[in-house]
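Undergrad: following is a predicted model, sequence given first.
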Amino acid sequence: MPDRSVAPEATAVARPHLPQPREMMLGNIPVTVVNQGLQPLVLFEITVPVGRWEEPSPGLAFYLFKMLTEGTSRKSSEEIAEAFDFFGSHLEVTPTLDGVSIKLYTLNKFFPALLELLVEMLTESVFPESEFNTLKQIRIEQVRQQHAKNNAFANLKFREMLFGKNHPYGLLMDVEMVEKITYQDLLRFKSALLTAPQLYISGLVTDEEIGAIDRCFGKVAFHTRQATGKHRPETTKQLEVTREDSTQASIRLGKIIIDRTHPDIHLLKITNELLGGFFGSRLMKNIREKKGLTYGIHSSLIHLQNASYWTISSEILREKTEVAQQEILKEIGRLKSEPPGSEEFKMVINYMKGKFLNSFDSPFSSLEMIKGLKQAGLSDEYFYSFLDTLDTVRPEDLGEMATRYFVEDDLIYLKVV
């Protein structure tokens with residue numbers, strides 16, 4: 001019987017053979033295929049580059065794509081829902097700042113029929129006005145709830161501080177903005193549904209699935225993406241938002257940072273992980289375990305299509321926010337002057353290797369990683385160079401990265417109390 005009081009010895013992670021996607025063009029539509037499955041199941045995803053940068057009115061893409069399931073010229077919303085239920089399938093529509101993701105999970109044998117339905121929804125949606133009004137009321141309540149919760153509001157407000165109120169990434173939706181959107185706005189914007197999509201499929205993919213995609217999407221007249229304007233960030237260095245009924249504060253620190261194409265990005269990822277990227281990080285050990293100021297604190301590198309930023313986030317008791325900020329800055333300073341010891345260094349490197357390999361533990365998660373790479377305009381060499389960096393990084397490299405990128409005078413600070 002193994003001794004449960006002794007942790008198992010860590011073994012070296014061998015260089016993995018990552019799944020190789022197959023890239024093809026069906027007409028003028030790019031398709032990425034990750035044929036990695038053993039079960040007769042596929043995930044088909046359409047990404048449409050229509051988000052904050054393309055919207056004539058803020059939040060309009062949310063309505064446009066969320067209403068895909070509300071009826072076509074041939075089917076009602078009930079019939080669409082019944083079709084997906086009948087085939088035991090799932091449709092997921094997710095608007096983001098940079099675009100919209102439409103995901104279809106289904107068994108292979110039902111894929112052709114559901115693909116026909118999906119194309120019908122894209123090309124023949126009728127956008128019932130009554131459903132638009134219902135969705136608008138739901139959206140108003142969602143925005144109210146986001147503004148009412150300190151942590152959700154802090155995330156939105158921090159992005160506004162990073163990029164500025166008039167920047168697509170910084171624009172903070174409020175109830176007044178949502179109420180201004182009209183049904184006519186939606187109808188004028190409906191052609192955006194057919195904007196230059198990228199198609200992805202993973203799972204057990206055969207020629208039959210590829211043929212179905214070709215038949216269904218080959219007959220659709222997609223149009224090219226329109227060029228978007230450029231927006232310069234206008235940052236706000238420091239802000240405190242006070243709320244009378246708050247017992248807990250949300251704090252955010254960070255800055256706009258290098259993107260995934262920069263040669264330092266892998267070293268910076270490791271540095272961020274050591275500082276606050278996982279449960280054994282320095283911020284967690286100090287702010288949570290030693291000082292007891294929070295249940296959790298986390299630092300992240302967030303990559304959007306046209307910008308990247310770094311943030312430290314935590315929820316703190318109102319009266320302890322100043323102490324927490326001082327301790328955060330102290331840990332950033334310590335990272336610059338005190339490289340990790342051998343055990344701490346080994347722990348973070350092994351953790352990141354394991355976390356990376358777990359990102360490819362299923363066909364669907366592999367597709368998510370590969371999609372992110374493709375949308376950033378990077379090749380799979382990015383993944384291998386990350387693994388090489390994990391093997392060659394030195395403890396002192398992390399201090400150099402912290403000194404270069406985590407400059408205290410550059411940090412933006414938000415407190416919502």
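TA: Okay, I see it.

Undergrad: from here on, just use CA atoms for contacts and neighbour counts.
TA: Noted.

Undergrad: buried residues in stretch 356-375?
TA: For stretch 356-375, a neighbour-count test (16 or more other C-alpha atoms under 10 Å) marks F360, P363, F364, S366, L367, E368, I370, K371, L373 as buried.

Undergrad: averaged pLDDT, it. What do you get?
TA: For stretch 356-375, mean pLDDT rounds to 94.

Undergrad: who's in contact with it?
TA: Under the criterion C-alpha atoms under 8 Å, 6 or more residues apart in numbering, residues 18-19, 21, 34-37, 43, 200-203, 305, 379-380 lie in contact with stretch 356-375.

Undergrad: pull the number of nearby residues for L304.
TA: Residues near L304, counting by other C-alpha atoms under 10 Å, number 16.

Undergrad: ok, now how distant is the spatially closest residue to it that is not a sequence neighbour from A227?
TA: In space, and not counting its chain neighbours, L304 is closest to D98: 7.3 Å by C-alpha to C-alpha, 6 or more residues apart in numbering. Distance check for D98 against A227: by C-alpha to C-alpha, to the nearest Å, it reads 14 Å.

Undergrad: the more surrounded of those two?
TA: Taking neighbours as other C-alpha under 10 Å, D98 and A227 compare with D98 leading, 19 against 8.

Undergrad: doesn't E55 make contact with that one?
TA: No. With contact defined as C-alpha atoms under 8 Å, D98 does not reach E55; the gap is 10.4 Å.

Undergrad: helices or strands up against the strand or helix carrying Q184?
TA: Assessed by DSSP states H and E, Q184 sits inside helix 183-189. Judged by 3 or more C-alpha pairs under 8 Å, 6 or more residues apart in numbering; DSSP states H and E, helix 183-189 is in contact with helix 60-66.

Undergrad: buried ones in the helix it packs on?
TA: For helix 60-66, a neighbour-count test (16+ other C-alpha under 10 Å) marks L60, A61, F62, Y63, L64, F65, K66 as buried.

Undergrad: dump the residues you listed into TSV; add pLDDT as well.
TA: Formatted as TSV, those follow (pLDDT from 0 to 100):
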residue	pLDDT
L60	95
A61	94
F62	94
Y63	95
L64	95
F65	96
K66	95
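
Undergrad: any chance of those in JSON lines, with distance to G164 too?
TA: Putting these into JSON lines (distance: C-alpha to C-alpha, whole Å) gives the following:
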{"residue": "L60", "distance to G164": "20"}
{"residue": "A61", "distance to G164": "21"}
{"residue": "F62", "distance to G164": "21"}
{"residue": "Y63", "distance to G164": "24"}
{"residue": "L64", "distance to G164": "26"}
{"residue": "F65", "distance to G164": "26"}
{"residue": "K66", "distance to G164": "27"}
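
Undergrad: ok, R144 - how many residues close by?
TA: 15.

Undergrad: what does the one 10 residues further on give?
TA: Other residues within reach of A154 by the criterion other C-alpha under 10 Å amount to 23.

Undergrad: what do you get for E120?
TA: Burial of E120 is recorded as 19 neighbouring residues (other C-alpha under 10 Å).

Undergrad: contacts for the host helix or strand of it next, please.
TA: Using DSSP H and E, E120 sits in helix 111-124. With contacts defined as C-alpha under 8 Å, 6+ apart, helix 111-124 is touched by 68-69, 71-73, 84, 193-194, 209, 212-213, 216-217, 220.

Undergrad: recalculate using a threshold of 7 Å.
TA: With C-alpha atoms under 7 Å, 6 or more residues apart in numbering as the test, helix 111-124 has contacts from L68, T72, S73, L193, A212, C216.

Undergrad: domain assignment for the chain?
TA: Per automatic domain parsing, the structural domains of the chain span 22-217, 238-416.

Undergrad: quick one: which of these is nearest A14?
TA: Closest to A14 of the domains of the chain, according to C-alpha to C-alpha: domain 238-416, at 9.8 Å.

Undergrad: any chance of the contacts of helix 111-124 in CSV, plus distance to G277 and secondary structure?
TA: Converted to CSV, these look like this (distance: C-alpha to C-alpha, whole Å; DSSP: H, G, I helix; E, B strand; the rest coil):
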residue, distance to G277, secondary structure
L68, 37, helix
T72, 45, strand
S73, 49, coil
L193, 37, helix
A212, 42, helix
C216, 43, helix
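
Undergrad: buried only: go through these for me.
TA: Buried by 16+ other C-alpha under 10 Å: L68, T72, L193, A212, C216, out of the contacts of helix 111-124.

Undergrad: OK, contacts around the first one?
TA: L68 makes contacts with M121, L122, S125, as judged by C-alpha under 7 Å, 6+ apart.

Undergrad: could you find the closest non-adjacent residue to the last one?
TA: When the adjacent residues along the chain are set aside, S125 lies closest to T72, with 4.1 Å between them (C-alpha to C-alpha, 6+ apart).

Undergrad: of the contacts of stretch 356-375 - the most surrounded one?
TA: Among these, I201 has the most neighbours (other C-alpha under 10 Å), with 27 neighbours.

Undergrad: OK, contacts around that residue?
TA: Residues near I201 by C-alpha under 7 Å, 6+ apart: T32, V33, V34, V42, L43, F44, E45.

Undergrad: residue ranges of the strands in the stretch 51-200 of the chain, please?
TA: 90-95, 100-107, 198-203 (DSSP state E, counting those that start in this stretch).

Undergrad: which one of those lies nearest to L156?
TA: Using C-alpha to C-alpha and comparing the strands of the stretch 51-200 of the chain, the one that lies nearest L156 is strand 90-95, at 15.6 Å.

Undergrad: the closest one packs against which elements?
TA: Counting by 3 or more C-alpha pairs under 7 Å, 6 or more residues apart in numbering; DSSP states H and E, the packing neighbours recorded for strand 90-95 are helix 60-66, strand 100-107.
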